[in-house]
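Student: next one to model:
(one chain, ligands or ions: 2)
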Amino acid sequence: MDRSIKIAPSILASDFANFGAEIRAIEAEGCDWVHVDVMDGHFVPNITFGPDTCKAIRPHIKTVMDVHLMIAPTDQYLKAFADSGADYLTIHVEAGPHLHRSLQYIRDLGCKAGVALNPATSASSIEYVMDLVDLVCVMTVNPGFGGQKFIHSQIKKVKEIRKMIGDRDIHIEIDGGITPETGPLMAAAGANILVAGSAVFKGGSVENTAPYGENIRAIRDASEAVR
Ligand code: DX5
Ligand code: ZN
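Tutor: Ligands and ions are numbered 1, 2, ... in the order given. I've put the predicted structure just below:
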């Protein structure tokens with residue numbers, strides 16, 4: 001499978017009044033995926049938006065719509081998010097008692113299935129669902145907010161998950177605190193999808209998109225260099 005480094009800007013760090021233009025800008029500036037953070041104010045202490053917003057932004061995304069659900073419970077909302085046009089639907093290990101069933105359901109709905117692990121959650125928590133996932137998301141901050149500090153202890157977890165994956169077609173995605181300094185640590189440990197919010201959108205705007213491109217290239221170049 002293609003394990004080249006892919007940069008997935010999180011629109012959590014973009015202008016919420018201008019999602020369409022922000023998405024077109026980051027894609028024009030060379031991002032690979034668009035990361036969409038859904039928060040419910042219950043599983044995490046922040047609220048963003050739901051499936052209707054995902055559906056509204058879908059036509060603006062030409063690459064891959066990577067929806068990160070920080071919600072609990074998940075199951076009764078999965079169909080609405082699948083219908084919104086998500087390519088990847090990622091749920092948290094910690095979000096409910098029936099992870100195996102929920103992941104099967106995501107695939108039944110026609111989406112790629114992702115599973116996310118909070119910083120305190122062990123790699124072993126996903127041992128028995130490895131054949132049900134297309135993506136494992138290792139959180140390198142506690143989910144809920146952008147702009148937090150990268151948690152270095154997660155490097156060991158990424159190495160463990162890389163071993164567990166073996167030759168399965170599963171992406172390892174890293175989410176939280178990714179910069180040109182931390183991206184390479186994760187690329188070296190085995191990750192290939194790097195989510196970045198603040199580090200991509202800093203210094204730019206829809207009127208001045210060049211910094212988005214520079215930021216994306218800085219993370220990609222530094223991370224590819226350690227491969
Ligand atoms: C955190 C979100 C992340 C966040 C990353 O709960 O899941 O996707 O936007 O933001 P940065 O890159 O600023 O840490
Ligand atoms: Zn996220």
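Student: the closest residue to ligand 1 within the chain and ligand 2: what is the separation?
Tutor: Across the chain, the shortest distance to ligand 1 (CB to the nearest ligand atom) belongs to Gly197, at 3.0 Å. For the C-beta atoms, the positions are set from N, CA and C on the backbone; glycine is no exception. Look at Gly197 and ligand 2: by CB to the ion, to the nearest Å, they are 8 Å apart.
Student: just the strands in the chain please.
Tutor: 6-9, 34-39, 65-70, 88-92, 112-117, 135-139, 171-175, 193-196 (DSSP state E).
Student: how about TSV for those strands, with mean pLDDT added?
Tutor: Listed next are the strands of the chain as TSV, based on pLDDT from 0 to 100:
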stretch	mean pLDDT
strand 6-9	99
strand 34-39	99
strand 65-70	99
strand 88-92	99
strand 112-117	99
strand 135-139	99
strand 171-175	99
strand 193-196	99
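Student: which bits of this structure sit near ligand 2?
Tutor: Proximity of the chain to ligand 2, by CB under 5 Å from the ion, involves residues Asp37, His68, Asp175.
Student: who wins for neighbours among those residues?
Tutor: The most crowded member of these, judged by other CB atoms under 10 Å, is His68 (27 neighbours).
Student: ok, now which ones touch the residue nearest to Leu103 when sequence neighbours are not counted?
Tutor: Counting by CB to CB, 6 or more residues apart in numbering, Leu132 is the residue found nearest to Leu103 once chain neighbours are left out, at 4.2 Å. By CB atoms under 8 Å, 6 or more residues apart in numbering, the contact set of Leu132 is His100, Leu103, Gln104, Arg107, Ala113.
Student: the last one - how many residues pack around it?
Tutor: I take that to be Ala113. For Ala113, the neighbour count with other CB under 10 Å is 23.
Student: just checking, it touches Asp134?
Tutor: Yes. Between Ala113 and Asp134 there is a contact at 5.5 Å, judged by CB atoms under 8 Å.
Student: any shared contact partners between the two?
Tutor: Tyr88.
Student: OK, contacts around Lys149?
Tutor: Contacts of Lys149 by CB under 8 Å, 6+ apart are Val141, Gly177.
Student: per-residue confidence at it?
Tutor: Looking at Lys149, its pLDDT reads 98.
Student: same question for Leu103.
Tutor: Predicted confidence (pLDDT) for Leu103: 98.
Student: do Ile47 as well
Tutor: Listed pLDDT for Ile47 reads 98.
Student: residue contacts, it?
Tutor: Going by CB under 8 Å, 6+ apart, Ile47 touches Met39, Asp40, Gly41.
Student: now do the same end-to-end measure for stretch 110-126.
Tutor: 21 Å (CA to CA, to the nearest Å).
Student: is that stretch in proximity to ligand 1?
Tutor: No. In terms of CB under 6 Å from any ligand atom, no part of stretch 110-126 sits within range of ligand 1; the closest distance is 8.1 Å.
Student: how close does Val44 sit to Ala72?
Tutor: Remark: distance between Val44 and Ala72 (CB to CB, to the nearest Å) = 9 Å.
Student: what do you get for Ala120?
Tutor: Per CB to CB, Ala120 is found 16 Å from Ala72.
Student: so for the two, which sits in the more crowded spot?
Tutor: The residue with more neighbours, out of Ala120 and Ala72, is Ala72; 14 against 10, by other CB under 10 Å.
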